[in-house]
Structure formats: structure tokens, C-alpha cells
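Visitor: Fold the following for me, if possible:
(one chain, ligands or ions: 1)
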Amino acid sequence: MSAAPLLEVAGLTKRFGGFTAVDNVSFAVGRGEILGLLGPNGSGKSTSFNCIAGMLKPSSGSVRLAGEEIGGLTADETCRRGIGRTFQIPRPFRGLSLLENAVLAAHYGAGGHISRDEAETRARDALRLAQLPDDPHATTQGLGAAGLKKLELARALATQPRLLLADESLGGLDTAEMHQAAAMLKRIRDERGITIVWVEHIMGVLLSVVDRVVVLDHGAVIFQGTPEAAQADERVAEVYLGPPESRAA
Ligand SMILES: Nc1ncnc2c1ncn2[C@@H]1O[C@H](COP(=O)(O)OP(=O)(O)OP(=O)(O)O)[C@@H](O)[C@H]1O
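Guide: Take a look at the predicted model:
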């Protein structure tokens, strides 16, 4: 990473009562990088994500976007600063067209300060990037898991993010769809230079696309490095597969 990182998380800690879900987590994401944030269920990925995106207030630590402190800002404030996010469980407005869903997201991202025409331009661009129809009559009806994930992505892209936080983009997809979803994230980075932090609890397909991974376990970072190094790391293997003696030969 030569230029200053786009996202810098330092000493991030989130406690729920006496329980520490995120424990002194630090990592940085370079501009245009795709970072995989991995870890088994309950390791603190979503809580870290939610602290970065403003859904949760960190107990301590700092979150900087392009050098500016954003820790503790609300979700709509972080969105206006350039953080777009997808949700693990898509919840589109079912009664609205795909285009209207994306238009609303564009208005949200701009804090209501853009015209209808501009919102529609951003929405159409986002739908095309996510390979969905921008025809005003196209609805959410009949969208399967993969289609709903694409709409989730289009809504995040319509906010024109500098940083895209992708939450469990592969959940519920079959193998072919997983590869397509991974390729789409890579294309969005390659074509638009959007920096991506991608959270998944499974490693598989993600490792073929990300530049680096951060692995969490019990709320703490246990590994940072390339996907190749992650696959060769004994601690990473342990949290995913259990201790060596318990693994199938
Ligand atoms: N609001 C909350 N109150 C209390 N505990 C919480 C809360 N949110 C999360 N936790 C706990 O914090 C820990 C980390 O949860 P988190 O959802 O961040 O893990 P995760 O790595 O995203 O898991 P998954 O892959 O299952 O989504 C878990 O033990 C969880 O039960």
C-alpha cells in the first residue's frame, strides 16, 4: 500500500455489557483494494462491520475514512461520507420496481440533495453494474436469491460509495452463482476503483478474488495477509477446521 489507506480501523472494541464481541481490532484497507474479513460464526465480523458502517457505536477505538474519524457517526452519516453497504438478508421494497428501489437508495446516499433526474441516472448506472434491468416495469417478483443479492448490491452502489461493505454476499447461492457474485465484486472494483471490504464466514470462492484477508476469532484478529498465506496458516486452519488431531486424515 503506497498511498494512505482509505479505511483505517485502530483498536476497535465493542462490548455488549460484560461481553467483548470485538476486541482491539486493527486493520487498514488501501484504495482500490478488496479485503476479505473472515472468521467463523460469532467471531465478531458483523459487529466490526456495524461499527464501521454506523449501525453500532464502538466502545473504544478509531475508524477513519480517508483520514477522517467516522467512529460513532450514524449509518446515514457514514453513507453520505461514502460508505455503502449490503445486508446479509436483502430487504428490498417489494412493492416498488427495481429502479425505484435504486432511486430511493441514491436519494439516501445523497442525503436528499439531488434531483429526481440525477437519482435516476445514479440508479440506472447501479442497476447496470449489478446486471439488473433498469426498465421501470421490472419488479422484485421472481428474483431468486442471486437476483436479490444483486439488487442489494445495486442499492449500495446507487449511494455512490468510495467504500463498499459487502455482507455475506454468497449466502444462499449455489456454486455457479457464488462465482458470478465474486466476479461481479471484482469487476466493480476493477472498473470503478471502489474499495471493498467483504465479510464472509466461508473462505472458498472469496479467496480467489480478494487481495488480502483479515481473519477474526473470538473478536480478535488472528491473521492478516494474502489469501495464499491464509490457506497455509495453522491458526486459520485451526479456527475453521479444529485442532490437527481432530481433522479427518
Ligand atoms: N447486540 C448484541 N448483544 C449481545 N451480544 C451480541 C450482540 N451482537 C452480537 N453479539 C455477540 O457478539 C459475538 C460476535 O457476533 P457477530 O455477529 O459479530 O459475529 P459474526 O462473526 O458476524 O458471526 P456470523 O458469521 O454468525 O454472522 C457473538 O457471540 C454474538 O452473540
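
Visitor: alpha carbons only for contacts and neighbour counts from here, please
Guide: OK.

Visitor: So in this protein, where's the weakest helix or strand by average pLDDT?
Guide: helix 234-241 (a mean of 88; mean pLDDT, DSSP states H and E).

Visitor: what helices or strands is that helix leaning on?
Guide: Packing partners of helix 234-241 (3 or more Cα pairs under 8 Å, 6 or more residues apart in numbering; DSSP states H and E): strand 220-225.

Visitor: Put the alpha carbons of whichever helix or strand comes after the strand it packs on into PDB.
Guide: Downstream of strand 220-225, the next assigned helix or strand under DSSP states H and E is helix 227-232. Listed in PDB are the C-alpha atoms of helix 227-232, where the atom choice follows Å, rounded to 0.1, in the frame of the first residue of the first chain:
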ATOM      1  CA  PRO A 227      -5.200 -15.400   0.600                       C
ATOM      2  CA  GLU A 228      -2.300 -17.900  -0.200                       C
ATOM      3  CA  ALA A 229      -0.700 -17.200   3.200                       C
ATOM      4  CA  ALA A 230      -4.100 -17.600   5.000                       C
ATOM      5  CA  GLN A 231      -4.600 -21.000   3.400                       C
ATOM      6  CA  ALA A 232      -1.200 -22.100   4.700                       C
END
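
Visitor: Helix 227-232: how far from the chain's middle?
Guide: Mean-position distance between helix 227-232 and its chain equals 21 Å (Cα atoms, centre = their mean, to the nearest Å).

Visitor: just stretch 18-28 next, same as before
Guide: Between the mean C-alpha point of stretch 18-28 and the mean C-alpha point of its chain there is a distance of 18 Å (Cα atoms, centre = their mean).

Visitor: Equivalent analysis for stretch 99-110, please.
Guide: Centre to centre, stretch against its chain (Cα atoms, centre = their mean), the figure for stretch 99-110 is 18 Å.

Visitor: Also stretch 37-47?
Guide: Going by Cα atoms, centre = their mean, where stretch 37-47 is centred and where its chain is centred differ by 12 Å.

Visitor: Stretch 27-47 near the ligand anywhere?
Guide: Yes. Contact of stretch 27-47 with the ligand is found when judged by Cα under 6 Å from any ligand atom, involving 39, 40, 41, 42, 43, 44, 45, 46, 47.

Visitor: now do stretch 5-22
Guide: Yes. Using Cα under 6 Å from any ligand atom, stretch 5-22 reaches the ligand at 16, 21.
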